[in-house]
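Undergrad: Model the following, please.
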Amino acid sequence: MKIDFFSKRFLITGASSGMGAHIALTLNTLGAEIIAIARDEQKLLKQKSFAKNKDLFHILQKDISEINSLDKWALEITKQYGSFDGAVLSAGIQQIAPISSVLSVESAIPLFNTNYFGNLQIIKGLIDRRAKSNKNASFVFLSSNSSVKAQKGLTNYAATKGAINTAIKSIALEIAPLSYRINAISPGFVMTEMIEDWSKVYDSTYIENIKKEYPLGIGKVEDITPLICFLLSEYSHWITGQNIVIDGGASL
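TA: Numbering: from 1, shown residues only. Next up, the predicted model:
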């Protein structure tokens with residue numbers, strides 16, 4: 001089985017770092033035209049410098065936590081670039097705190113706006129009939145194994161990911177008549193730039209302890225991207241509405 005994405009066009013949120021950046025660059029290497037979206041334009045430019053097909057790697061600076069009219073903005077993108085073959089909704093932020101300090105609407109809103117509502121608005125724009133997304137378009141939403149495996153301090157974060165897992169089931173039924181598909185993947189602990197940025201939390205002791213929970217070891221972005229490519233490809237044309245856990249056995 002060989003997967004290529006020549007003449008395909010995908011939108012990627014959270015494309016400036018981590019899994020979003022890796023999937024954007026991988027899809028571009030496989031021939032796809034990429035619309036890479038993130039808050040930090042400089043980081044997006046850095047990722048574009050790594051792209052194999054730079055002419056097919058477009059960047060758009062946008063904070064998707066600003067959810068008002070985001071669906072209309074996504075629809076306008078389709079008018080500028082043309083029909084899409086799918087999207088990877090990977091933009092997300094994390095919050096680690098005990099329930100005693102996070103149980104408030106104010107602390108939950110930023111997470112839900114970025115992890116859930118913002119990405120959902122992007123999907124809404126792309127599945128709009130006026131967007132004319134291509135037949136068999138596939139959408140992949142990044143969830144987390146924290147939605148299926150209990151972990152301390154992740155009350156709000158896990159809730160946003162649980163919302164994704166349930167929402168895609170309803171969305172899958174609604175978009176099936178259009179020949180569109182949507183699935184989620186739930187990665188476990190993956191070493192990314194975000195982990196390095198949170199070094200005070202994810203110190204060497206934490207990393208050594210968490211390794212004990214992963215039978216196959218801690219993950220890398222390279223462990224996640226192949227599954228996303230498969231879900232975007234024609235080989236997964238009979239898979240929709242599913243949440244697929246990929247965590248090296250940590251949730252067993």
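
Undergrad: Looking at the protein, which residue reaches furthest from the middle?
TA: Ser100 (28.8 Å; Cα atoms, centre = their mean).

Undergrad: Please identify which helix or strand holds that residue.
TA: In this structure, Ser100 sits in helix 99-102 according to DSSP states H and E.

Undergrad: Tell me the spacing between the closest residue to Phe57 other than its chain neighbours and Ala32.
TA: Nearest in space to Phe57, with sequence neighbours left out and distances taken as Cβ to Cβ, 6 or more residues apart in numbering, is Ala51 at 3.9 Å. Yep, even glycine has a C-beta here, placed from its N, CA and C like the rest. Look at Ala51 and Ala32: by Cβ to Cβ, to the nearest Å, they are 11 Å apart.

Undergrad: And Asn115, by the same measure?
TA: Distance of Asn115 to Ala32, given as Cβ to Cβ: 24 Å.

Undergrad: Which secondary structure elements does the helix holding Ser100 sit against?
TA: helix 155-175 (3 or more Cβ pairs under 8 Å, 6 or more residues apart in numbering; DSSP states H and E).

Undergrad: coming back round to it: higher neighbour count, Ala51 and Ala32?
TA: Applying other Cβ atoms under 10 Å to Ala51 and Ala32 shows that Ala32 carries more neighbours, namely 24 against 18.

Undergrad: so who does the more buried one touch?
TA: Phe5, Phe6, Lys8, Arg9, Phe10, Leu56, Asp85 (Cβ atoms under 8 Å, 6 or more residues apart in numbering).

Undergrad: Please work out how many residues are found near the third one.
TA: Just to be clear, that refers to Lys8. Neighbour number of Lys8 under other Cβ under 10 Å is 20.

Undergrad: Figure out the length between the terminal residues of stretch 179-192.
TA: 34 Å (Cα to Cα, to the nearest Å).
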